[in-house]
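**Q** curious how this folds, go ahead:
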Amino acid sequence: MGGGIAGAGAALALHKAGFDVTVYEAHPDSAEDIGAFLTLASNGMRALAQTDASDAVTAIGFPLTSMRVLDDTGAELAQVPLGEAGTPHLRYRCLRRGDLNAALQAEVTRRGIDIRHGKRLVSVDDGPDTVTAHFADGTTATGDLLIGADGLNSTVRRLNSPHTRPTYAGQHVFYGYTGDASETGRPETITMVRGSSVAFGYTVSPEGETYWFARVSDAPLTADALAEGTPGGLRDLLLPLLRKDAGPAADLVAATTDRLMVTNATELPTGTPWSSGRTLIIGDAAHAASPATGQGASMALEDAVVLAKSLRDAPDTESALALYDRLRRPRVEHNITVSGNISRGTRTPSGPGPGGPGPRGAGADRPGDDDLVRQLEWETDLWQPAR
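**A** Purely as a prediction, here's the structure:
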């Protein structure tokens, strides 16, 4: 259920593992969220490589190989390699979320996997041998396992765990694009600004377009403010905070005339139940974190590979889901905790960067993470070490 990053990624991995899989997407086309951008970190790119999908993603967006850090005076504190910059197919990649969704869904279709749009889930009948999904258009689908990859506001999670809901993570996050900035930026570099009251980051595409974000610690914005905010109004909210500091942030936002958006950062509580009978939630549906570590999309792609391998290697579905939970939960819940602490200002991030959509954050893409490499490596057996 869901054809976004987690759903399309899971479909690719399950198909490679030999399973018959169908994707059901509520939205009528490929890109429900076309506005915000994200970065896929090296760990996410590693997961993509295990499903032979690297080319589909490196054909869009642009690579990021280094991170520069500025303080609130505009002085440079550091410039360091980003992730596994020396390996082309594992380099960080900056993309628009909608473009990534469309690319992954196109790869799903290219491999002959059925993807059905306009299918909004309303209920689930979970039996001893099969599980049946009921859709708003009156149709149904029956299978051995139902995977909820339906995002932060997951219907599958609501049906199985109605009291588990996203909570505010302490910041609202602005995103914008401008082609009119005087700041040219450095090639393949994301610049992080440790502002006095705003964590700001930006990068410049090969075409000269600046992508930027700003994380502001404050009370959550109301639903009306989120729905009715105009680019000009949002810019006026942010600029006074940025003008307290030197550096490029204020000028970049001032140059952004129309392509500007904002969202409240949210997270799910650790300990959220992931499975019930023959249903399972993955990705943001299971372990959404604030964007401070920039790991949401990469963690979802890791989920896809480890889930497919668990189902392939374990002797039965129940054992596979237990194995998947055991392997994934410590890692993703650590990310929730670290990212949330950064957003709420209760922990200073390690390393040179203040976190954001892409920089190391919790160190989740650390080269040499042997456990992660083994779990993602397609040829390794996940079940035998679990005995």
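
**Q** could you use CA atoms for every contact and neighbour count after this?
**A** Noted.

**Q** can you name the element that comes right after the worst-scoring helix or strand of the chain on mean pLDDT?
**A** Within the chain, no helix or strand scores below helix 223-228, which has a mean of 87 by mean pLDDT, DSSP states H and E. Next along the chain after helix 223-228, taking DSSP states H and E as the criterion, comes helix 231-242.

**Q** what residues does the helix or strand just after that next one touch?
**A** Towards the C-terminus, the helix or strand next in line after helix 231-242, according to DSSP H and E, is helix 249-254. Helix 249-254 has contacts (C-alpha atoms under 8 Å, 6 or more residues apart in numbering) with 176, 178, 181-183, 193, 200, 210, 212, 235, 239, 242-243.

**Q** ok, and the most crowded of those?
**A** V193 (29 neighbours; other C-alpha atoms under 10 Å).

**Q** who's in contact with that one?
**A** Counting by C-alpha under 8 Å, 6+ apart, the residues that V193 touches are 69-72, 74, 199-201, 249, 354.

**Q** what about the stretch 1-150 of the chain, any weak spots by pLDDT?
**A** Applying pLDDT under 70 to the stretch 1-150 of the chain flags the ranges 30-34.

**Q** can you give me the strands for it?
**A** With DSSP state E, counting those that start in this stretch as the criterion, the stretch 1-150 of the chain has strands at 22-25, 37-40, 62-64, 66-70, 76-81, 92-96, 114-117, 121-126, 131-135, 140-143, 146-148.

**Q** distance from stretch 75-91 to the middle of the chain?
**A** 19 Å (C-alpha atoms, centre = their mean, to the nearest Å).

**Q** break the protein down into its domains, please.
**A** What automatic domain parsing lists as the domains of the chain is 5-61+95-167+268-386, 169-266.

**Q** end-to-end on the last one?
**A** One end of domain 169-266 to the other measures 5 Å (C-alpha to C-alpha, to the nearest Å).

**Q** tell me the contacts of Q79?
**A** Counted by C-alpha under 8 Å, 6+ apart, Q79 has contacts 66-69.

**Q** which one (most neighbours) among those residues?
**A** M67 (24 neighbours).

**Q** quick check: bridge partners of that one?
**A** Following DSSP bridges, M67 is listed with bridge partners V80, I190.

**Q** spit out the contact partners of it.
**A** So M67 contacts 79-82, 189-192, 353, 359 (C-alpha under 8 Å, 6+ apart).

**Q** can you tell me how far the closest residue to F37 other than its chain neighbours is from A300?
**A** Counting by C-alpha to C-alpha, 6 or more residues apart in numbering, the nearest residue to F37 once its immediate chain neighbours are dropped is R96, at 4.0 Å. Distance of R96 to A300, given as C-alpha to C-alpha: 16 Å.

**Q** more neighbours: which of those two?
**A** A300 (27 against 17).

**Q** am I right that the more buried one is in a helix?
**A** Yes: applying DSSP: H, G, I helix; E, B strand; the rest coil, one finds A300 inside a helix.

**Q** contact partners for it?
**A** 5-6, 9, 44, 282-284.

**Q** just put those in TSV and tack on neighbour count.
**A** Formatted as TSV, those follow (neighbours: other C-alpha atoms under 10 Å):
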residue	neighbour count
I5	28
A6	31
G9	29
G44	25
I282	28
G283	28
D284	23
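
**Q** of the residues you listed, which belong to helices?
**A** Using DSSP state H, the members of the contacts of A300 that fall within helices are 5-6, 9, 44, 284.

**Q** which of those residues sit farthest apart?
**A** G44 and D284 (14.3 Å; C-alpha to C-alpha).

**Q** quick one: low-confidence ranges for the stretch 151-300 of the chain?
**A** Checking the stretch 151-300 of the chain against pLDDT under 70 turns up nothing.
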